[in-house]
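J.: Structure for the following, please:
(chains A, B, C and D)
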Protein chains: 2
Amino acid sequence: MPVTIRDVARKLNLSVTTVSRALDGYDDVAEETRQRVIAAALEMEYVPNRAARQLRRQRADTIGYVLPAHEPRFADPFFSEFVAGLGDEAGSSNVDLLISTASPNEEEEQLVYQRWVHGHKVDGFVLNHMRLRDWRVIYLDRKEVPFVSLERTLDPVEYACIEVDGFGAVRELVLRLVEMGHRRIAFVCGPPHLVIQADRYAGYRDGLRSAGIMPTLELIAESDLTHQGGYHAAQQLLSISDPPSAILCINDLTAFGVYQAVRERGLQPNRDICIAGFDGLEITRWSHPELITIDQPVYDIARQLVKMLLMSLNESDKPYSRVMIKPKIMMPGCC
Amino acid sequence: MPVTIRDVARKLNLSVTTVSRALDGYDDVAEETRQRVIAAALEMEYVPNRAARQLRRQRADTIGYVLPAHEPRFADPFFSEFVAGLGDEAGSSNVDLLISTASPNEEEEQLVYQRWVHGHKVDGFVLNHMRLRDWRVIYLDRKEVPFVSLERTLDPVEYACIEVDGFGAVRELVLRLVEMGHRRIAFVCGPPHLVIQADRYAGYRDGLRSAGIMPTLELIAESDLTHQGGYHAAQQLLSISDPPSAILCINDLTAFGVYQAVRERGLQPNRDICIAGFDGLEITRWSHPELITIDQPVYDIARQLVKMLLMSLNESDKPYSRVMIKPKIMMPGCC
DNA sequence: TTAATGAGCCAAAACGTTTTGGAGAAATAC
DNA sequence: GTATTTCTCCAAAACGTTTTGGCTCATTAA
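T.: The predicted structure is shown next:
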């Protein structure tokens, strides 16, 4: 039923080849012919069949992203901003964005990646939520599938990525807090194998050290990047004999969990106790009192990642770029 | 480089046909042969090339969803829950989910839909954010492309959809508020052409009428479903001579904007003035005081929509199902 | 005048599947 | 003993592109 390139060719009394080459901008077709072809294609509403093109060209004009969905009802707005960025940039570059969700464990992830790689569904991947050692990096490198990532793993592989200087930002935030008189500063960790955890936690420790404060284990709580996790971590931190006067969190979501725990104790965030997150989500600006956070431009990072990926798809000989971004500390009120 | 069906066939001294049919479960291949084929395929890590399959079968095993992204930095968590639902259900049904963003205007949307329809990128669509009259419904119906939607338009077309009884829920919430003594109840509208706006607004008016209260124009404010919009709407509502004692909002995001405006006036939400949203987003549960909202199971709705779409893809003769969902009023504290 | 170049076009071969319409052998029916 | 059915398997034709390697005709160079 749909109109094919053959229909266009027939109508113009041209060969399929010529129509194809005219539309693709080859210079071995007369300018006048090209115009006729373009006009006819437009008029007949001809759109090339993607499957056929992909089969022949051996590429999909599609990039893939696997959303790490921990729970059924997952809701970290970080990812909606990230996906929006991917989608917008992909759209304006005329490639498609294929999305799947997988809980962040190796088996479930592998299923998706393998399906897409082997089935040639995508030309490359955008990675996220990196582990210090990440099988995806090894796997994609071995399969020679291009990819880019947010945050860099320790794997001995060359690839393009964007890094956010969590170390520096957290370190500086700690120093600022110390300046304001805080001595008991707690940290709510994420899962230990995550790059962001290692990075931000190191910043925390280095900040304390530079300020001449000994880090103490009772001010460190584990969490899982969720609101729930932050809530439980805060309960633990608040129940010790000499509770912290400030709590730094691995991300904004966790910080909101801390907010809730703090309030349940009858304390007011950022007056009685200082709370900070990391991400700079839009919703932090709606919180009251406004959450202190370290703002990374998630949307722009996502767009930039797509650009980098497309670049390495087109010119595979280019050296891998490594971009470092300095996030911005947002302290709307003070403690 | 990647292993094709031909490689598998060669290795087993079978024809390509037999391998294909063995893997697809046809019964004209001996059980013993089938087992050998499956084993070999597994061992050789054979995955069918999707483009080839799609070209031959004339379908994509992919469904499409176009995210309405109003602004560059879009962040309605409604959509992350929705996308997560789509992704999960698609994944477990072994079809892929293609995503694009487009600001909700006809030209930009058309580009994407046309590209996917004509290019055979997707077998069907999930629609969302419906206008009362929606060109997408007309267009897809005309092109005979299957689709399902959340909310039903007025277009004279038969299609499967899920409806949420916003009318009934808002109506009941109004009645409850009146029971609690509220007489000046405001409503923050969304864009007038949206189905949810017409539906929820009608519920608001009907609730007031049933309670014997005359709706008044000064208690109606326009907005655009964003935080910003809610903020401005609330500023307007709070500056009139006899301001409302309760503000109902078209959605949660808007309600958070109202929160902020209320606080800037030195008032405390849900003590001095009652505020309610609609959606039941997870973040409402972290707000303080917790936002009153009307909870619709966004994640489950999304999954259900995918199921319905796949059903109508496989059995195109089935009658279109129309599901009605009753959302739940969440009033954690009281005013 | 012939040879070489270039401009514009095209036939046919891929790409990797699925499907169609049998074929051959064995089993069953007559 | 032949005819029919059943069970396995397969060759070849699609699906709609892009690409390869020409071919023809006109123009320019020798």
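J.: Just the closest residue of the stretch 51-200 of chain A to chain B, please.
T.: A:His118 (3.3 Å; Cβ to the nearest Cβ). Any C-beta I mention is one placed from the backbone N, CA and C, and that applies to glycine too.
J.: count of residues packed around the residue nearest to that residue when sequence neighbours are not counted?
T.: Sequence neighbours aside, B:Val47 is the residue nearest to A:His118 in space, at 3.3 Å (criterion: Cβ to Cβ, 6 or more residues apart in numbering or on different chains). For B:Val47, the number of neighbouring residues by other Cβ atoms under 10 Å in any protein chain shown comes to 18.
J.: ok but B:Val47 is inside a strand, no?
T.: No - counting by DSSP: H, G, I helix; E, B strand; the rest coil, B:Val47 is not part of a strand but coil.
J.: ok, so what distance separates it from B:Arg36?
T.: Distance, B:Val47 to B:Arg36, using Cβ to Cβ, to the nearest Å: 18 Å.
J.: What of A:Leu281?
T.: 54 Å.
J.: which of the two has more neighbours?
T.: Counted by other Cβ under 10 Å, A:Leu281 and B:Arg36 do not tie: A:Leu281 has more neighbours, with 28 against 16.
J.: quick one: contacts for that one?
T.: A:77-78, A:81, A:252-253, A:293, A:298, B:75 (Cβ atoms under 8 Å, 6 or more residues apart in numbering or on different chains).
J.: just to confirm, which helix or strand has the closest residue to A:Glu158 other than its chain neighbours in it?
T.: Nearest residue to A:Glu158, sequence neighbours excluded (Cβ to Cβ, 6+ apart): A:Tyr320, at 5.3 Å. Assigned by DSSP states H and E, A:Tyr320 falls within no helix or strand.
J.: can you tell me how far A:Tyr320 sits from A:Gly85?
T.: Distance of A:Tyr320 to A:Gly85, given as Cβ to Cβ: 21 Å.
J.: same check, this time on A:Leu309
T.: Separation of A:Leu309 from A:Gly85 (Cβ to Cβ) stands at 12 Å.
J.: How about A:Phe78?
T.: Separation of A:Phe78 from A:Gly85 (Cβ to Cβ) stands at 11 Å.
J.: Pick out whichever of these two has more residues nearby.
T.: When neighbours are counted by other Cβ under 10 Å, A:Phe78 and A:Gly85 differ, and A:Gly85 comes out ahead with 26 against 22.
J.: Next, the residue of the stretch 51-200 of chain A closest to chain B: phi, psi?
T.: Main-chain torsions, A:His118, degrees, to the nearest 10: phi -70, psi -40.
J.: OK, contacts around it?
T.: The contact partners of A:His118, taken as Cβ under 8 Å, 6+ apart, are B:2, B:45-47.
J.: which of these tops the neighbour count?
T.: B:Tyr46 leads the contacts of A:His118 on contacts (other Cβ under 10 Å) with 21 neighbours.
J.: what sits against it?
T.: Taking Cβ under 8 Å, 6+ apart, we find B:Tyr46 in contact with A:118, B:3-5, B:7-8, B:40.
J.: What separation do you get for A:Trp85 and B:Thr293?
T.: I think there's a mix-up here, since residue A:85 is Gly and not Trp. From A:Gly85 to B:Thr293 the distance is 28 Å (Cβ to Cβ).
J.: ok, now A:Asn105?
T.: Taking Cβ to Cβ, one finds A:Asn105 at 33 Å from B:Thr293.
J.: for chain A, what spans make up the strands?
T.: A:62-68, A:96-102, A:124-127, A:147-150, A:160-164, A:185-188, A:220-221, A:246-249, A:274-276, A:293-295, A:322-325, A:328-330 (DSSP state E).
J.: most tightly surrounded among those strands?
T.: Mean neighbour count (mean count of other Cβ atoms under 10 Å in any protein chain shown) peaks for strand A:246-249 among those, with a mean of 29.
J.: Note down every partner strand of that strand and its orientation.
T.: Each strand paired with strand A:246-249, and its direction, by DSSP bridges: strand A:185-188 (parallel), strand A:274-276 (parallel).
J.: For my notes, please list those strands in a markdown table and give mean pLDDT and distance to DNA strand D for each entry.
T.: Formatted as a markdown table, those follow (pLDDT from 0 to 100; distance: least, Cβ to the nearest atom of the strand, whole Å):
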| stretch | mean pLDDT | distance to DNA strand D |
| --- | --- | --- |
| strand A:185-188 | 98 | 52 |
| strand A:274-276 | 96 | 52 |
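J.: out of those, which comes closest to DNA strand C?
T.: strand A:185-188 (48.1 Å; Cβ to the nearest atom of the strand).
J.: Just the CA trace of stretch A:230-244, in CSV.
T.: Taking Å, rounded to 0.1, in the frame of the first residue of the first chain, the C-alpha atoms of stretch A:230-244 are listed here in CSV:
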residue,chain,number,x,y,z
GLY,A,230,17.5,8.7,52.3
TYR,A,231,14.8,8.5,54.9
HIS,A,232,16.2,5.5,56.6
ALA,A,233,19.7,6.8,56.5
ALA,A,234,18.6,10.0,58.1
GLN,A,235,16.8,8.1,60.8
GLN,A,236,20.0,6.3,61.6
LEU,A,237,22.1,9.5,61.6
LEU,A,238,19.7,11.4,63.8
SER,A,239,19.5,8.7,66.4
ILE,A,240,23.2,8.8,67.5
SER,A,241,24.2,10.6,70.6
ASP,A,242,25.9,13.5,69.0
PRO,A,243,23.9,13.9,65.8
PRO,A,244,25.2,15.8,62.7
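J.: hmm, that stretch touching chain B?
T.: No - residues of stretch A:230-244 are not located near chain B by Cβ under 8 Å from any Cβ of the partner chain, the shortest gap being 9.0 Å.
J.: Report the buried residues of that stretch.
T.: Using 16 or more other Cβ atoms under 10 Å in any protein chain shown as the test for burial, stretch A:230-244 gives A:230-238, A:243-244.
J.: and which of the residues you listed is nearest to A:Leu267?
T.: Proximity of these to A:Leu267 (Cβ to Cβ) peaks at A:Leu238, which lies at 8.1 Å.
J.: per-residue confidence at that closest one?
T.: pLDDT recorded at A:Leu238 is 96.
J.: Tell me how far the closest residue in space to it that isn't next to it in sequence lies from A:Glu222.
T.: Once flanking residues are discounted, A:Leu238 sits nearest to A:Arg265: 5.9 Å by Cβ to Cβ, 6+ apart. Note on A:Arg265: its distance to A:Glu222, by Cβ to Cβ, is 20 Å.
J.: okay, the contacts of A:Leu281 in a markdown table with pLDDT next?
T.: Formatted as a markdown table, these follow (pLDDT from 0 to 100):
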| residue | pLDDT |
| --- | --- |
| A:Pro77 | 82 |
| A:Phe78 | 88 |
| A:Glu81 | 85 |
| A:Asp252 | 95 |
| A:Leu253 | 92 |
| A:Thr293 | 97 |
| A:Val298 | 93 |
| B:Ala75 | 65 |
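J.: What separation do you get for A:Ala186 and A:Ala255?
T.: A:Ala186 is 12 Å from A:Ala255, by Cβ to Cβ.
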